[in-house]
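[1] Fold the following and give me the result.
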Amino acid sequence: MEHGCEISKSLAWDAREYAISLKRFEAVCNISPTIGKYLTDADVTKWARCQFQGYRYDIRTTNPTESINSALRSPRKYPVIPLLDSIREMLTRWFFERRTRSRKHTKPLTIAIEKKIDRRINKGKTFLGQPVNEHHFLVRGDTIDCLVDLDRRTYSCGKYDLLKIPCRHAIKAGLTVGRAPSSLTDFMYTTSNGRTTYEETINPIGVPEDSWVVSYTVRNASVLAPESRRGAGRRRKRRYETVEDKIRS
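    Alright, predicted model coming up:
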């Protein structure tokens, strides 16, 4: 009976999110039928997070690409070879700095996630965790009551499904029985995983160009310029600001 109630709450959350997404999509179609048709013809799993088959870990923007584009604002003017060399130098420096920082970090989760967990601990100090059994808790004190299953890592507020980071309700329930927030967090955010990400080194090309081994396919490939026309006026060097950027600023 308890498991059935939990499933019904999860389905209610999914249905509510689906209804909101459908309403917003209909608004897009009304504003621009052309864009609506384009999104309909495209694979919905590529642009709708609620339909994505895997885990996005709350990554839903092109910020990494835009960051690289901003960092290469000056090198973008270079010829191809100097451009590639500047990219290699930049990535070598980034990997070294992050590798050094992760080695000095001793906590189980990455620096950014540890700060986020601390903020959620403070927000949940006034909450009351009522144990249902050794794994299930009803957390009260927020705007809504939240049912927490520590073993299955399912929380009725739905935030963990999106971020894979325990919400303030789950953190309160875990601390009630002595379970650290790091034990409820996905492995993706651990310090050990972060160290693995940057453990490889990006080395400079240390041999003369005459000694490079280039495959026959690459050597004989015909690379043509893209068929496009440059628009009138000065080209933009910075990206357009999104609504989130304007709110943040």
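[2] Just the mean pLDDT for the helix or strand hosting Ser102, thanks.
    Element membership for Ser102 (DSSP states H and E) is helix 80-104. In this model, helix 80-104 has an average pLDDT of 91.
[3] Let me know the average pLDDT across the very next helix or strand once past that helix.
    Counting by DSSP H and E, the next helix or strand C-terminal to helix 80-104 is helix 111-123. Helix 111-123 comes out with an average pLDDT of 92.
[4] How about stretch 199-211?
    81.
[5] buried residues in that stretch?
    By neighbour count on 16 or more other CB atoms under 10 Å, the buried set for stretch 199-211 is empty. Using the backbone N, CA and C atoms, a C-beta is placed for each residue, glycine as well.
[6] all strands of the chain, in order?
    For the chain, the strands defined by DSSP state E occupy 128-131, 136-140, 146-149, 154-155.
[7] show me the contacts for Ala82.
    Quick fix: residue 82 reads Pro, not Ala. With CB atoms under 8 Å, 6 or more residues apart in numbering as the criterion, the residues that contact Pro82 are Pro75.
[8] ok, Pro131 to Gly174 distance?
    Pro131 is 12 Å from Gly174, where distance means CB to CB, to the nearest Å.
[9] pretty sure Leu184 contacts Lys172?
    No - contact criterion CB atoms under 8 Å: Leu184 and Lys172 do not qualify, at 11.1 Å.
[10] Measure how the helix holding Ser102 sits relative to helix 111-123, angle-wise.
    Relative orientation of helix 80-104 versus helix 111-123 (axes from the mean of the first three to the mean of the last three CA atoms, to 10 degrees): 50 degrees.
[11] Spit out the contact partners of Ala71.
    Met90.
[12] okay, it: pLDDT?
    For Ala71, the pLDDT comes out at 85.
[13] how much space between it and Phe96?
    From Ala71 to Phe96 the distance is 16 Å (CB to CB).
[14] The closest residue in space to Tyr78 that isn't next to it in sequence: how many residues sit nearby?
    Leaving aside its sequence neighbours, Tyr78 sits nearest to Ser86 (CB to CB, 6 or more residues apart in numbering; 6.6 Å). For Ser86, the neighbour count with other CB atoms under 10 Å is 16.
[15] Verify the contact between Ser86 and Ile68 for me.
    No - if you go by CB under 8 Å, Ser86 and Ile68 don't touch, sitting 11.7 Å apart.
[16] list residues touching both of these two?
    Here Ser86 and Ile68 share no contacting residue, scored by CB under 8 Å, 6+ apart.
[17] Model confidence for Asp161, exactly?
    At Asp161, the model reports a pLDDT of 78.
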